[in-house]
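[1] next one to model:
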Amino acid sequence: MRKFKILLIIFLTALIDLSFSQNVNVEDYQVPVSKANLLRINGYWNWNQIGDSVTNNSAAAGLIYRQFYSSLPFAWFLDADLSGGKNFSKYQHSIKISSSARKYIWDEKDFFAFTGLELTHFDYYKQIASNLTIGAGYGRYIDATALAKAVRIEEHLLKEKIITDYLPKVTMIKIANIIDRQSEYINIYGETYENIWLFDIENEIRASGMLIGNHVGAIGILRMRQVLFNINERVNNRYFGYDVNIGSKFILSTFDKSSSGSPNLSISGRYSYPLGWRFQINGNFEIFSPMDSMFFRKVNTNIGVDFIYELSNRINFVANYKLKASKQYNQLKFIIDHIFTTSFLYYLENEIYYGLTTSIQKIGDQKTVLGLAMTLQYNLF
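    Next up is the predicted model:
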């Protein structure tokens, strides 16, 4: 076991060293305005078995939407998760929509006041459950996907011997800024924007003094287009940053029309960071407890961790762990749920992915459930 741990550490260290061979790191991409959006549709079949008994045989479809905007004075986030399907003969659906906005107190510092609204509804709910959170926090998020694309372009140009060495950091930042301004090029130049967009990227490469010859050539343009337009490969979104929030969560409505009760103290946080250009780690947590006589006698905790690794330009490995711990005032111990999933996502073409997912679930004192799912996923943008 000790030898295995040593080999694992050496392997991961080697991979991280390779990831940092460029002259630019993820955190070098500091921009005054960062924004991103994602709309994803997926369909899946899911099968679970305990012993010899099949406990789940279902098919479903889902929609995921993510959007955020972050500037020095202001930021907002919008997330929506919708799904519906059939398990044996029973139809089910789930809807969760959450949004938040934050105002930074000082433009150059990361302290902010925030408000957030969350709406949820499942098939067995009598009404929409909703809550409002108001509080303060610290931290920022940056979308560095454009810089990740610049790095992927650099890798191709080196492999094709179009440039002599890794490009300087300042050049990589300039190329990433041009990539990030794609919509600006479209608005100004219309249908002809692509030629000008690629020409400006080539100019920055030429200005670095690393270009072999006067032009990147046909193969260079081909590789650039493959990266920028997701042709035969996919560059995953890259985020880095964190935030920590503390506030009061007000229950506006409950799923069963019961009393909303007292406001909750809510403490939450999240963290995203790419370890180099192949690894991405995301984490989040939330703890809340009513601010009355049940304070910390009734507690709910949610923790989630994602690990993403690009095995190749077309294959991603994703591991996800979720822990939910809850304790009611009349309980002596926490009820703990564990959900662990691993997935291989194969990029086919035109934003279509095929996925193979395995899962292990341990809900409270119930038996462990093993799962297998196959998915087709389509990214609209």
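
[2] and the strands in this protein?
    Assigned by DSSP state E, the chain shows strands spanning 33-50, 53-71, 74-87, 90-104, 111-122, 129-143, 239-253, 264-273, 279-290, 299-310, 315-327, 335-349, 352-363, 369-379.

[3] next, format those as a markdown table and append mean neighbour count, distance to Lys169 and mean pLDDT.
    Quick note: C-beta positions are derived from backbone N, CA and C, even for glycine. Formatted as a markdown table, the strands of the chain follow (neighbours: other Cβ atoms under 10 Å; distance: least, Cβ to Cβ, whole Å; pLDDT from 0 to 100):
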| stretch | mean neighbour count | distance to Lys169 | mean pLDDT |
| --- | --- | --- | --- |
| strand 33-50 | 16 | 19 | 78 |
| strand 53-71 | 15 | 23 | 84 |
| strand 74-87 | 16 | 26 | 89 |
| strand 90-104 | 15 | 27 | 91 |
| strand 111-122 | 16 | 29 | 95 |
| strand 129-143 | 18 | 16 | 92 |
| strand 239-253 | 18 | 16 | 92 |
| strand 264-273 | 19 | 19 | 92 |
| strand 279-290 | 18 | 20 | 92 |
| strand 299-310 | 17 | 22 | 93 |
| strand 315-327 | 16 | 27 | 93 |
| strand 335-349 | 16 | 29 | 90 |
| strand 352-363 | 15 | 32 | 89 |
| strand 369-379 | 16 | 30 | 82 |
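
[4] with distance to Ala207 added, can I get those strands in TSV?
    What follows is the strands of the chain, written out as TSV (distance: least, Cβ to Cβ, whole Å):
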stretch	distance to Ala207
strand 33-50	25
strand 53-71	29
strand 74-87	33
strand 90-104	35
strand 111-122	38
strand 129-143	25
strand 239-253	27
strand 264-273	31
strand 279-290	31
strand 299-310	29
strand 315-327	34
strand 335-349	33
strand 352-363	37
strand 369-379	34
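
[5] of all those strands, which lies closest to Gln226?
    Among the strands of the chain, the nearest to Gln226 by Cβ to Cβ is strand 335-349 (11.5 Å).

[6] gap between Glu154 and Tyr239?
    Distance of Glu154 to Tyr239, computed by Cβ to Cβ, to the nearest Å: 20 Å.

[7] let me fix that: Ile303
    Relative to Tyr239, Ile303 is positioned 19 Å away (Cβ to Cβ).

[8] swap in Lys249?
    25 Å.
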